[in-house]
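1. All I have is the shape, not the residue letters:
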């Protein structure tokens with residue numbers, strides 16, 4: 001049997017590599033660009049809110065959307081972890097930490113994904129191996145706040161590897177963000193993601209630029225109850241108390257975002273309600289946006305929904321919430337993927 005030149009085999013492998021990047025990127029757009037996995041929604045709460053999270057950003061998932069939100073997190077260590085299960089043996093996982101110190105906030109996060117096995121074949125149809133696509137995103141961020149505004153910056157280390165294909169890439173990107181408190185009535189926020197972002201593949205000499213994303217949003221919270229006294233265990237293990245805002249609330253958010261190379265921006269609406277201190281319900285959808293190069297109302301390029309359960313367990317006082325979310329996945333048979341997350345607060 002005549003062997004296929006090695007350059008052709010490498011080309012086929014590289015095409016498979018970009019094909020999976022395209023599937024991830026096509027959640028939001030129709031092009032196949034480097035760093036496509038960075039556009040997938042991350043964290044159980046943002047997934048349920050369809051990514052309409054820039055102006056909210058008040059827990060560790062903020063580092064994935066708006067680093068300015070890190071200084072508005074709680075002044076204690078907060079951890080979020082999530083796992084998304086998709087069809088075709090694909091999965092996505094994240095772990096994030098955030099904490100504020102007076103007017104400053106810091107955050108760390110890691111986000112990874114894995115595809116199922118891909119059978120690679122040469123142009124004669126012969127199997128030449130099985131490939132698996134891995135992605136990794138590590139973030140370090142910080143922010144500073146005043147009474148009226150906060151500003152943040154984060155740096156991301158990026159890795160994309162096609163195991164079995166010998167193709168890999170490494171790179172970096174920066175996110176900057178701002179968040180403003182408007183007369184204690186609502187928040188307005190703007191962030192720019194993937195500034196200067198690039199991936200350097202070992203199969204080519206030049207770097208591949210990553211599309212930037214501009215996010216702008218507005219969020220408003222309506223309290224549905226009266227302040228309460230909350231009990232918790234302090235560092236010595238004794239029960240302590242503090243006056244806190246009511247746990248019952250209604251939250252609205254509206255966001256506009258633009259991805260470089262798309263023809264049109266997207267507009268997303270989301271809402272979250274906590275009718276009781278032990279539960280929250282949330283959901284979001286794309287009101288209008290780019291759909292195959294055309295501006296379309298109710299494009300539904302992104303949608304989500306979820307529930308958050310907040311057990312009141314004195315013997316496990318670090319458990320803040322358990323979250324279940326669903327979102328859209330265009331290559332699954334039922335077009336849905338599922339996410340479970342756990343939040344801890346020390």
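-> Yep, it's here. This is a predicted model, so every value here is computed, not measured.
2. Have a look at this structure and report its longest strand.
-> Assignment by DSSP state E gives strand 127-145 as the longest strand of the chain.
3. Give the pairing partners of that one; include direction for each.
-> strand 104-114 (antiparallel), strand 118-121 (antiparallel), strand 149-163 (antiparallel) (DSSP bridges).
4. Okay, buried residues for the second one please.
-> By neighbour count with 16 or more other CB atoms under 10 Å, strand 118-121 contains the buried residues 118, 120. No exception for glycine: its C-beta is placed from N, CA and C like everyone else's.
5. How about stretch 270-288?
-> Buried residues in stretch 270-288, counted by 16+ other CB under 10 Å: 270, 272-274, 280, 282-288.
6. Just want the most central residue of this protein.
-> Centroid-nearest residue in the chain: residue 42, 2.3 Å away (criterion: CA atoms, centre = their mean).
7. circling back: now that we have the strands paired with strand 127-145, can you turn them into a markdown table and tack on mean pLDDT and distance to residue 260?
-> Listed next are the strands paired with strand 127-145 as a markdown table, based on pLDDT from 0 to 100; distance: least, CB to CB, whole Å:
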| stretch | mean pLDDT | distance to residue 260 |
| --- | --- | --- |
| strand 104-114 | 96 | 20 |
| strand 118-121 | 76 | 28 |
| strand 149-163 | 95 | 16 |
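8. closest one to residue 305 among those?
-> Closest approach to residue 305 among these (CB to CB): strand 104-114, 21.2 Å.
9. If you count neighbours, what's buried in the closest one?
-> Buried residues in strand 104-114 (16+ other CB under 10 Å): 105-109, 111-113.
10. How far off centre is it?
-> Relative to the mean C-alpha coordinate of its chain, strand 104-114 is positioned 10 Å out (CA atoms, centre = their mean, to the nearest Å).
11. and the gap between the residue lying closest to residue 77 once chain neighbours are set aside and residue 257?
-> Spatial nearest neighbour of residue 77, excluding adjacent residues (CB to CB, 6 or more residues apart in numbering): residue 346 at 4.5 Å. The gap separating residue 346 from residue 257 is 33 Å, by CB to CB, to the nearest Å.
12. So those two - more neighbours on which side?
-> residue 257 (25 against 12; other CB atoms under 10 Å).
13. re the thing from before, nearest to residue 97, out of the buried residues of strand 104-114: which one, please.
-> The shortest approach to residue 97 among those belongs to residue 108, at 4.8 Å (CB to CB).
14. quick one on the thing from earlier: let me have the strands paired with strand 127-145 in TSV, extended by distance to residue 188.
-> Formatted as TSV, the strands paired with strand 127-145 follow (distance: least, CB to CB, whole Å):
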stretch	distance to residue 188
strand 104-114	18
strand 118-121	43
strand 149-163	9
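15. So which of the ones you listed is nearest residue 213?
-> When these are compared (using CB to CB), the closest one is strand 149-163, at 12.4 Å.
16. Which positions in that closest one come out as buried?
-> Neighbour count says strand 149-163 has 149-156, 158, 160-163 buried, by 16+ other CB under 10 Å.
17. repeat for stretch 182-193
-> Neighbour-count burial for stretch 182-193, counted by 16+ other CB under 10 Å, picks out 187-193.
18. so residue 98 touches residue 106, yeah?
-> Yes: assessed by CB atoms under 8 Å, residue 98 is found in contact with residue 106 at 7.1 Å.
19. Mind listing the shared neighbours of those two?
-> Shared contacts of residue 98 and residue 106 (CB atoms under 8 Å, 6 or more residues apart in numbering): residue 70.
20. Take the buried residues of stretch 270-288 and write them to CSV, including pLDDT, distance to residue 247 and secondary structure.
-> Formatted as CSV, the buried residues of stretch 270-288 follow (pLDDT from 0 to 100; distance: CB to CB, whole Å; DSSP: H, G, I helix; E, B strand; the rest coil):
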residue, pLDDT, distance to residue 247, secondary structure
270, 98, 19, strand
272, 98, 12, strand
273, 97, 12, strand
274, 94, 6, strand
280, 95, 9, strand
282, 98, 15, strand
283, 97, 19, strand
284, 97, 21, strand
285, 95, 26, strand
286, 94, 29, strand
287, 95, 29, strand
288, 93, 33, strand
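21. Need these in CSV (columns: distance to residue 204).
-> Formatted as CSV, the buried residues of stretch 270-288 follow (distance: CB to CB, whole Å):
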residue, distance to residue 204
270, 39
272, 44
273, 49
274, 50
280, 46
282, 42
283, 42
284, 38
285, 38
286, 34
287, 39
288, 37
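22. Pull the most distant pair out of the residues you listed.
-> Spanning the widest gap among the buried residues of stretch 270-288 are 274 and 288, at 28.0 Å by CB to CB.
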